[in-house]
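> predicted structure and sequence below. I'll ask about it afterward.
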Amino acid sequence: MKLKFKLMIKKEYLVILMLIIIIASLSIAIFNQIDSNNEIAANDSANHEVLANDSDLGSVEVIRNIGNVNGESIAYVVGVHPLENLTHKTLLKLLPEMTNLNYCYDIYVINVTQDIGYYGDGSSDDSPGRQNGQNLAYKYVYPEISKGNYKLAIDVHSNVGAYDYRTFVFSPLKEGSGNEYAQQVAMNSPNISFYAPDSTTSGPYLTIPLNENGIPAFYFEEYSFAPQNEKDEHMIELINAVDNLKYS
């Protein structure tokens, strides 16, 4: 009887000990997960900077230091035309996940807060949101890129298929480094053409003044209604081609 009682006590101790070990292990795992999440959040926060909050137009932020922080600096711009946000989201999804990049990338993100939409929901190119995005680009993005010692700036857009080509790059200035870099990107991208439309509404607000003031700049245009897998493929081609340019 005494032996049986002692065995029961030992079993209870073993059960308690096992529970203590399980609780301790869970506590350590939870702590490590929280610590890991905090670290990711801190790093993510450190790379984001709000440049402007404009009550009438929207906001502008920049995501800095993507890729090789010791490499030459390249700027991407998204959001100038809010209707085209599906292509903007594609760059924002893919570029920060790319590895082994040669250069350091900053993404300037324009967030128009009024009269926004996207192609396919009935929104029009004439919507006030388009002009709001252009104004934000000129007021806040252009000065930052101008003083940022960038080797190149790429303004990301999309179209509804009214041009001769659907996926293409071009510079609004026919001469200069911006135009040359766009041609090189097209040459090294199987699915991206070089094609220059006669005019662009946003050129005077960003790419033209950048080119005129020493920062080569060009457009990337994607077809708005392309399947997402095609958008991804084309964006990766663009990113890789830009990353393999040789800058003077």
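All right, it came through fine.

> quick check: the gap between the most centrally placed residue in the chain and I239.
Closest residue to the average C-alpha location of the chain: L92 at 2.6 Å, with CA atoms, centre = their mean. Counting by CB to CB, to the nearest Å, the gap from L92 to I239 is 12 Å. Bear in mind the C-beta positions are built from the backbone N, C-alpha and C, glycine included.

> now swap in F218 and tell me
Distance, F218 to I239, by CB to CB: 14 Å.

> look at those two and report which has more neighbours.
F218 (29 against 22; other CB atoms under 10 Å).

> distance of E233 from S146?
In this view, E233 and S146 are 32 Å apart by CB to CB.

> where does the protein dip in pLDDT?
1-46, 115-127 (pLDDT under 70).

> helices of that one, residue ranges please.
Shown for the chain, the helices assigned by DSSP state H span residues 2-46, 85-94, 128-136, 142-146, 177-187, 207-212, 228-243.

> ok, and what's touching the third one?
For helix 128-136, contacts defined as CB atoms under 8 Å, 6 or more residues apart in numbering pick out 52, 54, 56-58, 60, 79-83, 110, 112, 114-117, 123, 201-202, 205-206.

> list the buried ones in that helix?
For helix 128-136, a neighbour-count test (16 or more other CB atoms under 10 Å) marks G129, R130, Q131, N132, G133, Q134, N135, L136 as buried.

> now swap in the fourth one and tell me
Residues of helix 142-146 classed as buried by neighbour count (16+ other CB under 10 Å): Y142, E144, I145.

> test my guess that the first one contacts P204.
What that stands for is Y142. No - between Y142 and P204 there is no contact under CB atoms under 8 Å: 10.3 Å.

> please pick the buried ones from the contacts of helix 128-136.
Listed as buried from those are 52, 54, 57-58, 60, 79-83, 110, 112, 115-116, 123, 202, 205-206; burial here means 16+ other CB under 10 Å.

> in strands, which of these appear?
A52, D54, G58, V60, I110, V112 (DSSP state E).

> pick out the most distant pair among the residues you listed.
Largest separation among those by CB to CB: A52 and V112, giving 12.2 Å.

> can you give me phi and psi for the closest residue to Q184 other than its chain neighbours?
If the residues on either side of it in the chain are set aside, Q184 comes closest to L245, at 6.0 Å by CB to CB, 6 or more residues apart in numbering. Note on L245: its backbone torsions stand at phi -70, psi 150 [degrees, to the nearest 10].

> what's the distance between L245 and N188?
Taking CB to CB, one finds L245 at 9 Å from N188.

> again, but for L136
31 Å.

> surely F220 touches A153?
No - using CB under 8 Å, F220 is not in contact with A153; the gap is 11.0 Å.

> now E49: closest residue in space that isn't a chain neighbour?
Nearest residue to E49 in three dimensions, chain neighbours excluded: V62, at 5.1 Å (CB to CB, 6+ apart).

> what sits against that neighbour?
Counting by CB under 8 Å, 6+ apart, V62 has contacts H48, E49, L51, D106, I107, Y108, V109, E144.

> show me what it is bridged to.
On the basis of DSSP bridges, V62 is bridged to E49, Y108.

> count the residues that sit near N47.
For N47, using other CB under 10 Å, the count is 15.

> how much space separates P204 from L173?
Taking CB to CB as the measure, P204 falls 11 Å from L173.

> sorry, that was for P190
Relative to L173, and taking CB to CB, P190 is found at 26 Å.

> between these two, which is the more surrounded one?
Higher neighbour count among P190 and L173: L173, with 19 against 8, using other CB under 10 Å.

> quick check: phi and psi on that one?
Taking degrees, to the nearest 10 as the convention, L173 sits at phi -100, psi 130.
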